[in-house]
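Peer 1: Provided below are the primary sequence and the corresponding predicted coordinates.
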Amino acid sequence: MIFDAFFLRTALAGLGVAIAAAPLGCFVVWRRMAYFGDATAHAAILGVALSLGFGINIFVGVLAVSLAMAATVSTLSGRGHAMDTLLGVLAHSAIAFGLVAANFLTGVRIDLMAYLFGDINAVSWDDLWVIWGGALAVLALIGWRWNALLTSTLNTDLATASGIDPKREQLVLTLALAVVVAVAIKVVGALLIAAMLIIPAAAARPFASTPERMALVAMGVGAVSALGGLLLAFRFDTSTGATMVCLAAVLFALASLTRGRRLR
């Protein structure tokens, strides 16, 4: 009975992250924002260190730092640096500052490996409420702004002509991405969050005839990766977050092979 409750808790945590990350990951893929997602996720380590140092809730701290990172990228972009260079500098600087800040924490025990690669086994019922609350908030936000987000993604000029502000929609995506990072850090860790955003969406692409279908298929791939990875991790005693990403990568490879055969 204890094991059943434990497995239910971890399975629900993985599903919560998967269904929140999948539709958002589609926009990350369409807009070619993979580096942006990486930079935001890496900033989570600095958020964890600051949260523990100031004694605030980790979800709040990670969310605040992730939003600050996204705002910094938006502010500095187009000011003399290529976007990929800027994101590379900020992503690695954020995780380095986070690791250094963690070394200055006294009287606080911090398992950096758990925050870097995730520790879904340590997710509590309170964490589960936060994960699902954040996941549902992200789904509601994306569902509410779906048409505007899609139009601004396809053509910014068309969006402007339709009365849609592309910068506002970029801010919506930024907020959603920060929430996903904050809820996912305990499940897959800062280094693997971007993978759960991008890989299910990329795997869904060959099977999608419409954007809506791609988002739904991506959610299915993410769910299979989360639950299948959890079962495989228990079976082979491997890192749960990493196993989820490995399974997602295998599904992407199979999807790519299927697409190649269709094209031939």
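Peer 2: Looks like it came in fine. Residues are numbered from 1 along each chain as shown.
Peer 1: could I get the full set of strands for this structure?
Peer 2: With DSSP state E applied, the chain shows no strands anywhere along its length.
Peer 1: neighbours of G14, just the number please.
Peer 2: Residues within reach of G14, counting by other C-beta atoms under 10 Å, total 29. Quick note: C-beta positions are derived from backbone N, CA and C, even for glycine.
Peer 1: wait, doesn't it sit right on N121?
Peer 2: No - counting by C-beta atoms under 8 Å, no contact exists between G14 and N121, whose distance comes to 11.1 Å.
Peer 1: okay, now the unreliable bits of the protein?
Peer 2: Within the chain, the stretches falling below the threshold (pLDDT under 70) are 1-3, 77-83, 108, 260-264.
Peer 1: helices or strands up against the helix ranked longest in it?
Peer 2: Of all the segments of type helix in the chain, defined by DSSP state H, the longest one is helix 2-30. Counting by 3 or more C-beta pairs under 8 Å, 6 or more residues apart in numbering; DSSP states H and E, the packing neighbours recorded for helix 2-30 are helix 34-54, helix 125-144, helix 146-154, helix 166-184, helix 193-204, helix 211-236.
Peer 1: could you find the closest non-adjacent residue to A13?
Peer 2: Distance criterion C-beta to C-beta, 6 or more residues apart in numbering; nearest residue to A13, sequence neighbours excluded, is V123 at 4.5 Å.
Peer 1: ditto for A226
Peer 2: The shortest distance from A226 to any non-neighbouring residue, by C-beta to C-beta, 6+ apart, is to G14 (3.3 Å).
Peer 1: separation between the one you found and F236?
Peer 2: G14 sits 16 Å away from F236 when distances are taken as C-beta to C-beta, to the nearest Å.
Peer 1: and if you look at A20?
Peer 2: 27 Å.
Peer 1: now swap in F6 and tell me
Peer 2: From F6 to F236 the distance is 18 Å (C-beta to C-beta).
Peer 1: the more surrounded of those two?
Peer 2: When F6 and F236 are compared on other C-beta under 10 Å, the one with more neighbours turns out to be F6, at 12 against 8.
Peer 1: excluding chain neighbours, what is closest to the more buried one?
Peer 2: N121 (7.8 Å).
Peer 1: in contact with the one you found, which residues?
Peer 2: When the contact criterion is C-beta atoms under 8 Å, 6 or more residues apart in numbering, the partners of N121 are F6, T10, T240.
Peer 1: out of those residues, the closest to G134 would be?
Peer 2: Comparing the contacts of N121 against G134 with C-beta to C-beta places T10 closest, at 17.0 Å.
Peer 1: next, count neighbours for the closest one.
Peer 2: With neighbours defined by other C-beta under 10 Å, the count for T10 comes to 22.
Peer 1: chain neighbours aside, what residue packs nearest to it?
Peer 2: The nearest residue in space to T10 (C-beta to C-beta, 6+ apart) is I120, at 5.0 Å.
Peer 1: return the distance of that neighbour relative to V172.
Peer 2: Separation of I120 from V172 (C-beta to C-beta) stands at 28 Å.
Peer 1: burial measure for G37, as a count.
Peer 2: 27.
Peer 1: distance-wise, check the residue lying closest to it once chain neighbours are set aside relative to W125.
Peer 2: Across the structure, with C-beta to C-beta, 6+ apart as the measure, the residue nearest G37 apart from its sequence neighbours is A194 (4.5 Å). According to C-beta to C-beta, A194 stands 27 Å off from W125.
Peer 1: so for the two, which sits in the more crowded spot?
Peer 2: A count of neighbours by other C-beta under 10 Å puts A194 above the other of A194 and W125, at 28 against 9.
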